[in-house]
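Novice: this one's structure only:
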């Protein structure tokens, strides 16, 4: 039976320093890729230690608008890109110890010209897998100099390149962020590893449909592959609500605890507030909101949202204005009806419109040049066999 060593920064025996890696913004390019690397070094004589010592460099790639609703081999098959690589050098405290690696993804900011779409869940854009290679003098793979991916070693052309052995291709990232080898956590023995991520340009749900359609499963169809793109005249609205916290892709979001239907901010809370689904515009109840500033009020007005005192964060309280609010339900799309009501938090939030898109949501040519920026959070536990 395995035992996990408890982590404490103040204890010298096993020190784990967590880090945030800012992944370079990615954009549409027609030139050859230029790949930057984030180096994560894990070294210590008797412990697992993580430190961050590299600059995130610009990354470009050859994405030209593949829609992602066709099988492999078609020009509109899902675009696949390997990026975000970094190096793990692991020296456990004993020969029977291993490192268990956890990665978490922050929300994505999509930037295009003057349009910014913040806080998009990464699963609304990409399916993600992890790739791990171990450095070895006799390894059969090398990292291609023109791109952050691994290919077979060629003795005639690759004699000067670092060689790697592929550990597992690929690993998956569990909902709690742990790198998994099949049904079990991937365990990393002493050695040097290279970790990168494969991003498939389809939302997680759409990717599952694509797999089923590609396999010819009954009822599965490529026509059911879709995502949602922010659009001023979109016919759908992103419905915001509280949902269970998932470490894999909710990193950095404000977390909440729930008690008797009231959600309050909490460092280790079990819930986050995000878009939980997209509904047709005419099926969503909208509200026209009025607000009277009053120091004894029950709502904070912050960035156009009206947030109850119970669910307001410290930042929202500090930057907001306290007052009283009334909301009037409306089934129309009148200009004055600008908010959605989040019953669980008793909040009125500005809504945004989205267009349902067949395939990758931002594949339309008018989004050429869009960038997607997010963070990856990495931490390690030492596991003793």
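Specialist: That came through, no problem. Small disclaimer: the values here were computed from a predicted structure and weren't measured.

Novice: low-confidence ranges in the chain?
Specialist: For the chain, the stretches with pLDDT under 70 are 1-64, 82-87, 144-149, 167-169, 331-336, 368-369, 385.

Novice: In the protein, where's the longest helix?
Specialist: The longest helix of the chain (DSSP state H) is helix 204-214.

Novice: Residue 322 reaches residue 294, doesn't it?
Specialist: Yes. The pair residue 322 / residue 294 is scored as a contact, 6.8 Å apart, by Cβ atoms under 8 Å. Any C-beta I mention is one placed from the backbone N, CA and C, and that applies to glycine too.

Novice: neighbour count winner among these two?
Specialist: Using other Cβ atoms under 10 Å, the more surrounded residue of residue 322 and residue 294 is residue 322, with 16 against 12.

Novice: re the thing from before, what lies in contact with the longest helix of the chain?
Specialist: The contact list for helix 204-214 (Cβ atoms under 8 Å, 6 or more residues apart in numbering) reads 68-69, 71-72, 78, 123-124, 126-127, 200, 202, 220-222, 224-227, 359.

Novice: Give the buried residues for it.
Specialist: By neighbour count with 16 or more other Cβ atoms under 10 Å, helix 204-214 contains the buried residues 204, 206, 207, 209, 210, 212, 213.

Novice: re the thing from before, and the contacts of helix 204-214, which of them are in strands?
Specialist: 127, 200, 226, 227 (DSSP state E).

Novice: The nearest residue to residue 176 once chain neighbours are set aside: what's it in contact with?
Specialist: On the basis of Cβ to Cβ, 6 or more residues apart in numbering, the spatially nearest residue to residue 176 that is not a chain neighbour turns out to be residue 247, at 4.7 Å. Contacts of residue 247 were listed using Cβ under 8 Å, 6+ apart, and they are 102, 104, 175, 176, 177.

Novice: Show me what the second one is bridged to.
Specialist: Beta-bridge pairing of residue 104 under DSSP bridges involves residue 377.

Novice: Thought residue 377 was touching it, still the case?
Specialist: Yes. Assessed by Cβ under 8 Å, residue 104 is found in contact with residue 377 at 4.3 Å.

Novice: Which residue of these two possesses the greater neighbour count?
Specialist: Counting neighbours by other Cβ under 10 Å for residue 104 and for residue 377 shows that residue 104 has the greater number, 21 against 17.

Novice: Which residues are in contact with the more buried one?
Specialist: For residue 104, counting by Cβ under 8 Å, 6+ apart, the contacting residues are 177, 247, 248, 249, 250, 251, 376, 377, 378.

Novice: Over to residue 321?
Specialist: Residue 321 makes contact with 293, 300, 301, 302, according to Cβ under 8 Å, 6+ apart.

Novice: gap between it and residue 314?
Specialist: Noted for residue 321: a distance of 15 Å to residue 314, by Cβ to Cβ, to the nearest Å.

Novice: And for residue 170?
Specialist: 40 Å.

Novice: now do residue 231
Specialist: On the measure of Cβ to Cβ, residue 231 and residue 314 end up 33 Å apart.

Novice: Which of the two has more residues huddled nearby?
Specialist: The residue with more neighbours, out of residue 231 and residue 314, is residue 231; 16 against 9, by other Cβ under 10 Å.

Novice: Residue 356 is in contact with the more buried one, correct?
Specialist: No. In this structure, residue 231 is not within contact of residue 356 by Cβ under 8 Å, at 9.5 Å.

Novice: picking that back up, what two of the contacts of residue 104 have the greatest distance between them?
Specialist: 250 and 378 (15.5 Å; Cβ to Cβ).

Novice: and those two? which has more neighbours close in?
Specialist: Higher neighbour count among residue 250 and residue 378: residue 250, with 24 against 21, using other Cβ under 10 Å.

Novice: who's in contact with that one?
Specialist: 104, 107, 121, 272, 274.

Novice: Would you check that the fourth one makes contact with residue 242?
Specialist: Yes. Shown here, residue 272 and residue 242 form a contact pair, counting by Cβ under 8 Å, at 7.2 Å.

Novice: any shared contact partners between the two?
Specialist: Common neighbours of residue 272 and residue 242 (criterion: Cβ under 8 Å, 6+ apart): residue 256.

Novice: ranges for the helices of this protein?
Specialist: Using DSSP H, the helices of the chain run over residues 204-214, 314-319.

Novice: so which of these comes closest to residue 255?
Specialist: Once the helices of the chain are compared by Cβ to Cβ, helix 314-319 is nearest, at 13.1 Å.

Novice: The closest one packs against which elements?
Specialist: Applying 3 or more Cβ pairs under 8 Å, 6 or more residues apart in numbering; DSSP states H and E, we find helix 314-319 packed against strand 299-302.

Novice: Among the contacts of residue 247, which one sits closest to residue 366?
Specialist: For the contacts of residue 247, the minimum distance to residue 366 (Cβ to Cβ) is 31.9 Å, reached by residue 104.

Novice: And that closest one, how close does it get to residue 270?
Specialist: 16 Å.

Novice: for residue 308, same thing?
Specialist: From residue 308 over to residue 270 the distance is 19 Å, taken as Cβ to Cβ.

Novice: Between the two, tell me which one has more neighbours.
Specialist: The residue with more neighbours, out of residue 308 and residue 270, is residue 308; 17 against 14, by other Cβ under 10 Å.

Novice: Who are the contact partners of that one?
Specialist: Applying Cβ under 8 Å, 6+ apart to residue 308 gives the contacts 298, 299, 300, 345, 346, 347.

Novice: Switch the ones in strands among the contacts of helix 204-214 over to TSV; also include distance to residue 193 and neighbour count.
Specialist: Below are the ones in strands among the contacts of helix 204-214 laid out as TSV (distance: Cβ to Cβ, whole Å; neighbours: other Cβ atoms under 10 Å):
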residue	distance to residue 193	neighbour count
127	22	21
200	22	21
226	37	20
227	33	24
